[in-house]
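Participant: Build me a structure from this.
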Amino acid sequence: MIGVVLFPGTNCEQDVVEAVRHLGGAADVVWHGDRRLPSSVDAVVLPGGFAHGDYLRTGAIARFSPVMTAVTDFAQLGGPVVGICNGFQILCEAGLLPGALQKNRGLKFLCQFVDVRVETSTTPASASIAPGSVLRIPINHFEGCFTCSPETLAELRGEERVVFRYVDNPNGSLDDIAGVCSAERNVVGLMPHPERASHALLGSVDGARVLASLLTVVAPSG
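Facilitator: Residues are numbered from 1 along each chain as shown. From the prediction side, this is the model:
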């Protein structure tokens with residue numbers, strides 16, 4: 001079962017749940033105030049939105065929610081965790097992923113389809129996608145410009161931890177980065193919204209490949 005964490009201000013939790021169920025998987029919402037994850041949870045998704053209104057910094061308050069202790073413990077035990085957009089920001093604030101997301105180049109909110117290239121298939125969000133594949137997935141953010149120190153960037157490159165790159169960088173992200181993973185490769189954050197590209201009527205089904213990868217990873221255990 002995929003546990004989709006709901007924070008105050010999250011607005012994509014039901015989209016993720018529906019997309020996962022459409023693919024034949026099980027998904028349900030997990031409340032941010034819960035101190036434990038349900039025992040049935042095989043993977044966690046932190047969805048997009050504006051957790052706690054994005055006050056202070058995006059994700060800065062959400063990372064202190066009680067559920068994040070459980071999510072951190074789950075990740076440290078090797079559990080798959082995927083953060084989408086605001087969820088990516090929360091994972092960075094929580095120290096589960098390196099770097100930070102800052103305001104877009106040009107200081108404009110972006111809501112559009114983008115092409116992202118899959119750089120590695122060794123993560124829960126890309127396990128069933130061949131490296132080099134290009135996915136058409138929408139973005140919807142104001143603070144999606146990935147940044148990190150030169151040392152961290154060298155580490156991400158050297159360890160092949162850049163999971164997704166923009167083909168045509170829309171927001172100024174360092175090294176065209178659209179998504180990264182943890183050193184253990186089980187935690188992934190990406191700015192594009194795969195759940196919004198999971199049905200043909202939405203303009204693309206490429207996002208379904210990301211969620212299907214996550215289901216492939218958890219299938220043996222649930």
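Participant: Can you list the residue ranges for strands in this protein?
Facilitator: 2-6, 27-31, 43-46, 81-84, 100-102, 110-118, 134-141, 145-147, 162-166, 177-181, 187-190 (DSSP state E).
Participant: Including mean pLDDT and mean neighbour count, could these go into TSV?
Facilitator: C-beta coordinates here come from the backbone N, C-alpha and C atoms, glycine included. Converted to TSV, the strands of the chain look like this (pLDDT from 0 to 100; neighbours: other CB atoms under 10 Å):
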stretch	mean pLDDT	mean neighbour count
strand 2-6	97	26
strand 27-31	97	18
strand 43-46	98	28
strand 81-84	98	30
strand 100-102	95	21
strand 110-118	96	17
strand 134-141	96	20
strand 145-147	97	22
strand 162-166	98	23
strand 177-181	98	28
strand 187-190	98	29
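Participant: Show me what the helix ranked longest in the chain is packed against.
Facilitator: Taking DSSP state H as the criterion, the chain has its longest helix at helix 206-218. Under the contact criterion of 3 or more CB pairs under 8 Å, 6 or more residues apart in numbering; DSSP states H and E, helix 206-218 touches strand 2-6, helix 13-22, strand 43-46, strand 134-141.
Participant: and the last one, what other elements does it pack with?
Facilitator: What it means is strand 134-141. strand 110-118, helix 206-218.
Participant: can you rerun that using 10 Å?
Facilitator: Here strand 134-141 touches helix 86-93, strand 110-118, strand 162-166, strand 177-181, helix 206-218, going by 3 or more CB pairs under 10 Å, 6 or more residues apart in numbering; DSSP states H and E.
Participant: What of the third one?
Facilitator: Helices and strands in packing contact with strand 43-46 are listed as strand 2-6, helix 13-22, strand 27-31, helix 66-76, strand 81-84, helix 86-93, helix 206-218; criterion 3+ CB pairs under 10 Å, 6+ apart.
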